[in-house]
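Student: please work out how this folds:
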Amino acid sequence: MGKLDGKKLKQILDPSFAKVFTHPLRNHVWVTLFERGLVSPAEIAHELGLEPSDVSYHFRELIGRGLIRLVRTEQRRGFEEHFYEPIAPAVNFDDREWMRIPKGVRSGFSAELLRQICRSFVGAVDARDRAGERRLVGQTRKR
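Tutor: The predicted model follows:
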């Protein structure tokens, strides 16, 4: 809990958690990991024209906060390339912490989470349907 002039302040997230995302490159890494599922610092460094060591630093910050984990390594031209995946959920509250969050914030968070789940579900169904249509079209042509 934060303090201002000795008074306790309400807060939603641990400030150290929020601090992890104060650097734009860490935000980029985090979003890219969730989009792709698996990525290496070398890949992001190459895409952005940055030094791999600079990007690796931000991966270490995310690892230190428990937000990503090492999945595999591959030998590449004399060095090991590390591949990471995000650890979900990004925000984890126990029941007591969840109930301390103001009701309006909980409602908004829950509604957004439900919207994301619905979008993911609809996207998966659409992808399945498109794949099924391609198979049907391929079968019709073979006849």
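
Student: the residue lying closest to residue 86 once chain neighbours are set aside: neighbour count?
Tutor: Distances taken as CB to CB, 6 or more residues apart in numbering place residue 33 nearest to residue 86, at 4.3 Å, with adjacent residues excluded. All C-beta atoms are positioned from the backbone trio N, CA, C, and that covers glycine. Using other CB atoms under 10 Å, the number of residues around residue 33 comes to 20.

Student: residue 33 sits in which helix or strand?
Tutor: Following DSSP states H and E, one finds residue 33 within helix 24-36.

Student: quick one: mean pLDDT over that helix.
Tutor: In this model, helix 24-36 carries a mean pLDDT of 87.

Student: and it, what does it pack onto?
Tutor: helix 41-48, helix 52-64, strand 79-86 (3 or more CB pairs under 8 Å, 6 or more residues apart in numbering; DSSP states H and E).

Student: what residues sit buried inside the second one?
Tutor: Buried residues in helix 52-64, counted by 16 or more other CB atoms under 10 Å: 52, 55-56, 58-59, 61-62.

Student: relative to residue 84, which of those is nearest.
Tutor: residue 59 (6.3 Å; CB to CB).

Student: you'd agree the closest one is up against residue 41?
Tutor: Yes - here residue 59 lies in contact with residue 41, judged by CB atoms under 8 Å, at a distance of 5.0 Å.

Student: overlap in contacts of the two?
Tutor: 82, 84 (CB atoms under 8 Å, 6 or more residues apart in numbering).

Student: how does this structure divide up, domain by domain?
Tutor: 1-92, 93-143 (automatic domain parsing).

Student: out of the ones you listed, which is the most enclosed?
Tutor: Among the domains of the chain, the stretch with the highest mean neighbour count (mean count of other CB atoms under 10 Å) is domain 1-92, at a mean of 13.

Student: rewinding a little: quick check: angle from the helix holding residue 33 to helix 52-64?
Tutor: Put simply, helix 24-36 runs at 70 degrees to helix 52-64, going by axes from the mean of the first three to the mean of the last three CA atoms, to 10 degrees.

Student: since that was my last question, I'll sign off now.
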